[in-house]
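Peer 1: whatever this is, show me its structure:
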Amino acid sequence: MNFLPHKISMLAVAAALLSPTAGAEVFQLPPAGNDVVGAITTIEARHDDSLIDIARRHGLGYEEIIRANPNVDSWLPGEGTVVVLPTRYVLPPGPRRGVVLNLAEYRMYYFPEPEGDELGVVMTYPMSIGRMDWETPLGRTKIISKVRNPAWYVPASVRAEHAAAGDPLPRIVPAGPDNPLGAHAMRLGLPGYLIHGTNRPAGVGMRVSHGCIRMLPEDIGFLFEEVDVNTPVRIINEPVKLGWDGDQLIMEAHLALEVAPPSPEEVAALVELADLDENPAEDETPVDTALEKDSMTMLTEQFVAATASRAAKLDWDTAEMVLHRSNGIPTPVGQAIKNAATSAAFE
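Peer 2: Numbers count the residues shown, from 1 in each chain. Sure thing, here's the model as predicted:
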């Protein structure tokens with residue numbers, strides 16, 4: 001088993017995978033042309049389990065396990081209840097390098113740089129993201145610094161919000177159990193944004209932060225030692241992922257994130273861009289599809305990208321069903337076409 005990068009010792013990975021509170025999933029990257037790792041499994045709940053307890057033991061976040069188990073009581077599943085663990089993943093589109101944060105999935109992927117001819121791996125973790133009014137920005141950045149036991153210098157906007165709610169905060173929250181940054185923080189090149197731990201692990205996998213990325217304490221503690229300063233970070237929002245597993249085209253769909261209503265300035269700019277001839281009615285918004293792609297558009301874009309060099313027949317009915325469910329369970333929706341020249345690949 002000499003496929004793990006030099007920085008990730010076998011002992012450390014074993015501890016990460018076997019510890020009852022470890023959230024890390026470590027997978028060997030699939031061969032070229034393949035995009036799927038992991039497997040869907042099930043377990044039986046214990047009498048005192050909640051879905052959040054089960055999620056944390058198996059490297060999952062709140063939204064992931066709730067969506068995969070829509071008919072299970074989240075607070076008290078009950079002794080012997082079968083719980084689906086959605087631990088199969090279509091890897092996110094784009095380069096498999098550095099850290100990739102897929103906001104719609106509430107999941108982080110880390111691709112350590114392999115040494116020499118070693119095979120690559122991917123490590124994946126649940127994460128929390130920014131609330132609708134404090135959205136995590138998209139784009140490319142990098143890790144610019146790492147801090148143990150960070151103090152939290154509370155932004156003025158956050159202090160104002162807490163003061164308005166009758167819960168005033170000091171300018172600086174020192175390290176310790178009351179610090180929401182936890183024991184580790186990695187600063188991004190985007191001013192004011194961090195990847196950090198938390199003193200409220202039950203909220204990991206939800207849209208609850210002020211824009212930063214929150215991780216389980218055990219996850220950030222492990223990742224902190226592995227990720228170097230200057231590691232690239234790519235932040236994406238891809239509710240629909242399509243990839244290959246052998247000759248099968250696999251689709252994974254999540255609920256699209258709601259976005260904050262556009263400001264008057266954004267509306268005016270989009271109206272001008274569209275060169276509208278008439279003013280819309282007062283109760284209409286001329287940008288209802290301009291700021292957020294619909295799910296079928298995202299599916300079509302992913303299909304075009306996945307089949308750019310390999311033709312496939314897509315079962316649109318099954319794909320629409322997967323979109324409707326949006327439960328994060330990777331599902332076969334298409335098949336490779338061996339003789340694309342004589343087939344109706346894109347009917």
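
Peer 1: for Ala163, what are phi and psi?
Peer 2: phi -60, psi -40 (degrees, to the nearest 10).

Peer 1: please report how far Val208 lies from Ser128.
Peer 2: 5 Å (CB to CB, to the nearest Å). Every C-beta, even on glycine, is put in place using the N, C-alpha and C of the backbone.

Peer 1: check Ser309 too.
Peer 2: On the measure of CB to CB, Ser309 and Ser128 end up 36 Å apart.

Peer 1: same question for Ala68.
Peer 2: 18 Å.

Peer 1: more neighbours: which of the two?
Peer 2: Ser128 (25 against 21; other CB atoms under 10 Å).

Peer 1: which residues are in contact with the more buried one?
Peer 2: 61, 106, 198, 203-209, 213-215 (CB atoms under 8 Å, 6 or more residues apart in numbering).

Peer 1: in this structure, which residue is closest to the centre?
Peer 2: Nearest to the mean C-alpha position of the chain, by CA atoms, centre = their mean, lies Arg107 at 2.5 Å.

Peer 1: partners of that residue in the sheet?
Peer 2: Applying DSSP bridges to Arg107 yields these beta-bridge partners: Asn102, Pro126.

Peer 1: does it touch Gly61 like I think?
Peer 2: Yes: Arg107 is in contact with Gly61 according to CB atoms under 8 Å; the separation is 7.3 Å.

Peer 1: common neighbours of the two, please.
Peer 2: Contact criterion CB under 8 Å, 6+ apart; residues bridging Arg107 and Gly61 by contacting each: Pro126, Met127.

Peer 1: need the contact list for Val173.
Peer 2: Ala151, Trp152, Val154, Asn179, Pro180.

Peer 1: would you list those residues in a markdown table and tack on secondary structure?
Peer 2: Shown next, in a markdown table, are the contacts of Val173 (DSSP: H, G, I helix; E, B strand; the rest coil):
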| residue | secondary structure |
| --- | --- |
| Ala151 | coil |
| Trp152 | strand |
| Val154 | coil |
| Asn179 | coil |
| Pro180 | coil |
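
Peer 1: thinking again about what came up before, anything in contact with each of Val208 and Ser128?
Peer 2: The contact sets of Val208 and Ser128 overlap at Arg214 (CB under 8 Å, 6+ apart).

Peer 1: circling back: just the buried ones out of the contacts of Val173, please.
Peer 2: Trp152, Val154, Asn179, Pro180 (16 or more other CB atoms under 10 Å).

Peer 1: for the lengthiest strand in the chain, give the mean pLDDT please.
Peer 2: With secondary structure taken from DSSP state E, the chain has its longest strand at strand 139-148. Predicted confidence along strand 139-148 averages 96 (mean pLDDT).

Peer 1: quick one: strands adjacent to it?
Peer 2: strand 184-188 (antiparallel), strand 232-236 (antiparallel).

Peer 1: deepest of those strands, which one?
Peer 2: Comparing those by mean neighbour count (mean count of other CB atoms under 10 Å), strand 184-188 ranks first with a mean of 22.

Peer 1: surely Leu299 meets Glu238?
Peer 2: No: Leu299 is beyond contact range of Glu238, at 11.1 Å (criterion: CB under 8 Å).

Peer 1: can you list residues touching both of those two?
Peer 2: By CB under 8 Å, 6+ apart, no residue touches both Leu299 and Glu238.

Peer 1: so where do the strands sit in the stretch 1-150 of the chain?
Peer 2: 25-28, 36-38, 41-44, 82-85, 88-90, 98-102, 107-111, 121-126, 129-130, 139-148 (DSSP state E, counting those that start in this stretch).

Peer 1: same check, this time on the stretch 201-347 of the chain
Peer 2: Counting by DSSP E, counting those that start in this stretch, the strands of the stretch 201-347 of the chain are 207-209, 213-214, 232-236, 240-245, 248-253, 312-314, 331-336.

Peer 1: one step back: which member of the buried ones among the contacts of Val173 is positioned nearest Pro86?
Peer 2: When the buried ones among the contacts of Val173 are ranked by distance to Pro86 (CB to CB), Pro180 comes first, at 27.2 Å.
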